[in-house]
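Asker: sequence and predicted structure below; questions after.
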Amino acid sequence: MKAAFIIAFASSTLAAAVKGSTPDERDVSTSGNVTQLDDIQVICGAPTSSPDNEFPASDYSYPIGLLLSSGTHKLHIDTGPSKCKQAACGSNGGAGVVVCNDEKNGVDLLYSDIGFFAQRVYEGCKHRKNGVDYVEKGQAFCPDGWNVILTDVGLTCSASTLPDYG
């Protein structure tokens, strides 16, 4: 748990979004399938424009771990709104992380920041079924005008490794 907060404070974007350094210091509220963590809103089942899907929680381990371990590497997302790009996924597609820019300017986002938001979706949209943890598709919104989606990226993964990394 502490590692997630170290990553959070490594970025000025996340430092503004997360007020405290321990769970007791954060403002967390849940209503239905929408979770609010300070300025970060997580909506499970979103976006409605993509088919419903869920994967075993373990399928998200590689893509989220890849993002969180990326250090200072960045991903460029062109001018929005709704300009999206795969950020991480398994080499065979399936469970993946997509990031979207809704701003009028392009953005350069730290992969680790994308991973932090992906973790929020993972935690907020995880449920247990038949003794196994699953994660429903979901979306987390950054107050800076970009968002992260956990969903099925299909059969083609264009982001199984990070550029200039590994």
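Answerer: Yep, it's here.
Asker: what residue lies at the spatial centre of this protein?
Answerer: A118 (1.9 Å; Cα atoms, centre = their mean).
Asker: so how far is the top helix by length along the chain from its chain's centroid?
Answerer: Secondary structure assigned by DSSP state H gives helix 111-124 as the longest helix of the chain. When C-alpha coordinates are averaged (Cα atoms, centre = their mean, to the nearest Å), helix 111-124 and its chain have centres 3 Å apart.
Asker: avg pLDDT for that helix?
Answerer: In this model, helix 111-124 carries a mean pLDDT of 96.
Asker: wait, the residue nearest to the centre of the chain touches L66, no?
Answerer: No: at 10.0 Å, A118 does not count as touching L66 under the criterion of Cβ atoms under 8 Å. Where you see a C-beta, it was placed from the backbone N, CA and C, and this is true even at glycine.
Asker: tell me, what's touching these two both at once?
Answerer: Listed as contacting both A118 and L66 by Cβ atoms under 8 Å, 6 or more residues apart in numbering are A88.
Asker: buried sites along stretch 135-153?
Answerer: Neighbour counts over stretch 135-153 (16 or more other Cβ atoms under 10 Å) mark 135-142, 144, 146-153 as buried.
Asker: hmm, back to that, with only the CA atoms kept, save the longest helix of the chain in CSV.
Answerer: These are the backbone C-alpha positions of helix 111-124, laid out as CSV (Å, rounded to 0.1, in the frame of the first residue of the first chain):
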residue,chain,number,x,y,z
TYR,A,111,3.2,5.7,-17.5
SER,A,112,3.3,5.4,-13.7
ASP,A,113,0.5,8.0,-13.3
ILE,A,114,-1.6,6.0,-15.8
GLY,A,115,-0.8,2.9,-13.7
PHE,A,116,-1.9,4.6,-10.5
PHE,A,117,-5.3,5.4,-12.1
ALA,A,118,-5.5,1.9,-13.5
GLN,A,119,-5.1,0.6,-10.0
ARG,A,120,-8.0,2.7,-8.8
VAL,A,121,-10.2,1.1,-11.5
TYR,A,122,-8.9,-2.3,-10.6
GLU,A,123,-9.7,-1.8,-6.9
GLY,A,124,-13.0,-0.1,-7.5
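Asker: which outside residues touch the next helix or strand after that helix?
Answerer: Remark: after helix 111-124, the chain's next helix or strand is strand 126-129, criterion DSSP states H and E. Outside of strand 126-129, the residues within contact range by Cβ under 8 Å, 6+ apart are A57, D133, Y134, V135, E136.
Asker: buried residues in strand 126-129?
Answerer: For strand 126-129, the neighbour count (16+ other Cβ under 10 Å) marks K126 as buried.
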